[in-house]
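Undergrad: Have a look; sequence and predicted model below, questions after that.
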Amino acid sequence: MKKALIIGYGSIGKKHYNFLKSLNIFDKILISSKHLPKNNNNLTSIQSIINYQPDYVVIANTSNLHFKTLKIINEKLKNIKIYVEKPLFLNLQKIPIKNKNEVVVGYNLRQHKGFSFIKNYIQNKKIISVEIKCTSFLPNWRKQNYIKTSTAKKNLSGGIIYELSHELDYANFLFKKLKPLNCELKKLSNLILDGNDFFHGKFKSAKCNNIYITMNYYDRAPQRYIKIIAHKSSIKFDLLSGYLEFVSVKKRYKKKIMFNINKSYIDSHIGFIKNNKKKLCTYNEGYKVLEIINGIYKLI
């Protein structure tokens, strides 16, 4: 790996630039952004990107541009690794990956050791129900006024179920073949958004027929957890505190699993670069999340 390219230089693009820089793997890391001055470090044309011939590309522009960007990069460049920030796209349309290129999608929460624990826990158990919750207060996400961010604009971000699609991805990753059954998508708060700020849905999967996922943007007391109830035990994993609680007929314990969100991004890049994709979201899995979202909209 010698040359990297970051496409898009908003808050997440800047993070990826710093993550790649910290790896000390690349000889050169350039940027492609219309919001930066034109100079030798900012490649603003397709031809300049082709001439640069990057080995590693991170697509981190607004979600509505992911499809167009990946299509061009996939057609014009060969033998490269392409990391697409989540969500993969906003529409249900697929690009055949060619030219010996590889693509993964940035669902970095998969790196959390808590999910490895949960995967082992559910392996041989009959699951009664699953509760997944992700709530936060959008104005607290970034220092910038939330009204000016792409998150507040549905045409750029896709709205709440795209922005918070980590929950859909890890639910499908853990329980397989996730399918929506009943869903609500509403605007409940007075936040200035042109999309919805609340989602609740019931899903079924290969491992459980009662999976409930709730998301919102307006909770000033953030929550992010998954609770799994089996016939003889239950487990709750709080992603914010890092605590995992296990209760069964015979024992009960609580343990903390350390997690660094920045390290999860770095580990995702390292895994991709070193061809260790065990905890990465593949292109097809990222597309599966889009199919789940499309199924949600069909029910509403």
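TA: Structure's in. What do you need?
Undergrad: What's the biggest helix in this protein, counting residues?
TA: helix 283-299 (DSSP state H).
Undergrad: Buried residues in that one, which are they?
TA: By 16 or more other C-beta atoms under 10 Å, the buried positions in helix 283-299 come out as Y283, E285, G286, Y287, K288, V289, L290, I292, I293, G295, I296. C-beta: built from backbone N, CA, C; applies to glycine.
Undergrad: Make JSON lines out of those residues and add distance to N74 and pLDDT.
TA: Shown next, in JSON lines, are the buried residues of helix 283-299 (distance: C-beta to C-beta, whole Å; pLDDT from 0 to 100):
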{"residue": "Y283", "distance to N74": "10", "pLDDT": "98"}
{"residue": "E285", "distance to N74": "17", "pLDDT": "98"}
{"residue": "G286", "distance to N74": "14", "pLDDT": "98"}
{"residue": "Y287", "distance to N74": "14", "pLDDT": "98"}
{"residue": "K288", "distance to N74": "19", "pLDDT": "98"}
{"residue": "V289", "distance to N74": "19", "pLDDT": "98"}
{"residue": "L290", "distance to N74": "17", "pLDDT": "98"}
{"residue": "I292", "distance to N74": "23", "pLDDT": "98"}
{"residue": "I293", "distance to N74": "22", "pLDDT": "98"}
{"residue": "G295", "distance to N74": "26", "pLDDT": "98"}
{"residue": "I296", "distance to N74": "27", "pLDDT": "98"}
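Undergrad: on that earlier part again, need the contact partners of the longest helix of the chain.
TA: Helix 283-299 has contacts (C-beta atoms under 8 Å, 6 or more residues apart in numbering) with 84, 86-89, 91-92, 94, 97, 103-105, 107, 158, 161-162, 165, 168-169, 172-173, 178-183, 185, 199, 201.
Undergrad: One more pass at 7 Å, please.
TA: With contact meaning C-beta atoms under 7 Å, 6 or more residues apart in numbering, helix 283-299 is reached by 87-89, 92, 94, 97, 103-105, 161-162, 165, 168-169, 172, 178-180, 182-183, 201.
Undergrad: With stretch 234-243 instead?
TA: With C-beta under 7 Å, 6+ apart, stretch 234-243 has contacts from 112, 114, 118, 121, 222, 224-228, 244-247, 254, 256-259.
Undergrad: Filter these down to the buried ones.
TA: The neighbour count (16+ other C-beta under 10 Å) marks 112, 114, 118, 121, 224-228, 244, 246, 257, 259 as buried among these.
Undergrad: Filter the residues you listed down to the ones in helices?
TA: Members of those lying in helices (criterion: DSSP H): G114, I118, Y121.
Undergrad: what pLDDT, on average, does stretch 193-204 get?
TA: Per-region confidence: stretch 193-204 scores 96 on mean pLDDT.
Undergrad: can you pull the buried residues of that stretch?
TA: By 16+ other C-beta under 10 Å, the buried positions in stretch 193-204 come out as L193, G195, N196, D197, F198, F199, G201, K202, F203.
Undergrad: Name the residues of stretch 109-118 that are buried.
TA: Of the residues in stretch 109-118, those buried by neighbour count under the rule 16+ other C-beta under 10 Å are L109, R110, Q111, H112, G114, F115, F117, I118.
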